[in-house]
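> What follows is a predicted protein model with its sequence.
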Amino acid sequence: MPKRVPKPPKMTECELKKIFKVEGVKSARWIVRPVKGMDTTPEAGSIRCKHCYGPVRFYKQKFLDGPVDHVEHVHRVDSESCEAGQHFKGKHSRSATPVL
Ligand SMILES: [Zn+2]
């Protein structure tokens, strides 16, 4: 039996919300960055998919030969309508519930 090699995760990059304070006024900016090396528990609402802006869940690599650090869509519907989704059906659209 050939060893089944799992597909590497597609979403190894995400967008991280950075808060800047300019003259006392807070403003947010989304920055694309690799998931690798991120905090284990990013704050809720501080990460999103860089393709559809949908909410994502953070997955840390658990085993040496396991999937590398990555994110996955929280909502199945995002996964189906996002080009980076695991269940992508072929027509990309922005998340109906984007993280802004
Ligand atoms: Zn997406």
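Good, I have the coordinates.
> where does Arg29 fall, helix, sheet strand or coil?
With DSSP: H, G, I helix; E, B strand; the rest coil as the basis, Arg29 sits in strand.
> Please compute how far stretch 82-100 lies from its chain's middle.
Per C-alpha atoms, centre = their mean, to the nearest Å, the displacement of stretch 82-100 from the mean C-alpha position of its chain is 11 Å.
> List the contacts of that stretch.
10-11, 17, 45, 47-55, 72-73, 75-81 (C-beta atoms under 8 Å, 6 or more residues apart in numbering). (Each C-beta comes from the backbone N, C-alpha and C, glycine too.)
> Please point out which parts of stretch 92-100 sit buried.
Of the residues in stretch 92-100, Ser95, Val99 count as buried by neighbour count, 16 or more other C-beta atoms under 10 Å.
> Can you give me the end-to-end span of it?
End-to-end distance of stretch 92-100: 19 Å, with C-alpha to C-alpha, to the nearest Å as the criterion.
> does the ion sit close to it?
No. Remark: stretch 92-100 sits outside contact range of the ion, by C-beta under 5 Å from the ion, the gap being at least 6.4 Å.
> Quick one, grab the pLDDT at Lys62.
pLDDT, Lys62: 89.
> show me where this protein has strands.
13-22, 25-34, 47-48, 56-59, 70-73 (DSSP state E).
> show me what contacts Arg48?
Cys14, Glu15, Lys17, Trp30, Gly54, Pro55, Val56, Pro98, Val99.
> How about Ser81: what's its closest non-neighbour residue?
Counting by C-beta to C-beta, 6 or more residues apart in numbering, Ser93 is the residue found nearest to Ser81 once chain neighbours are left out, at 4.8 Å.
> re the thing from before, do you know which of the strands of the chain lies nearest Thr40?
Judged by C-beta to C-beta, the one of the strands of the chain that comes nearest to Thr40 is strand 56-59, at 7.5 Å.
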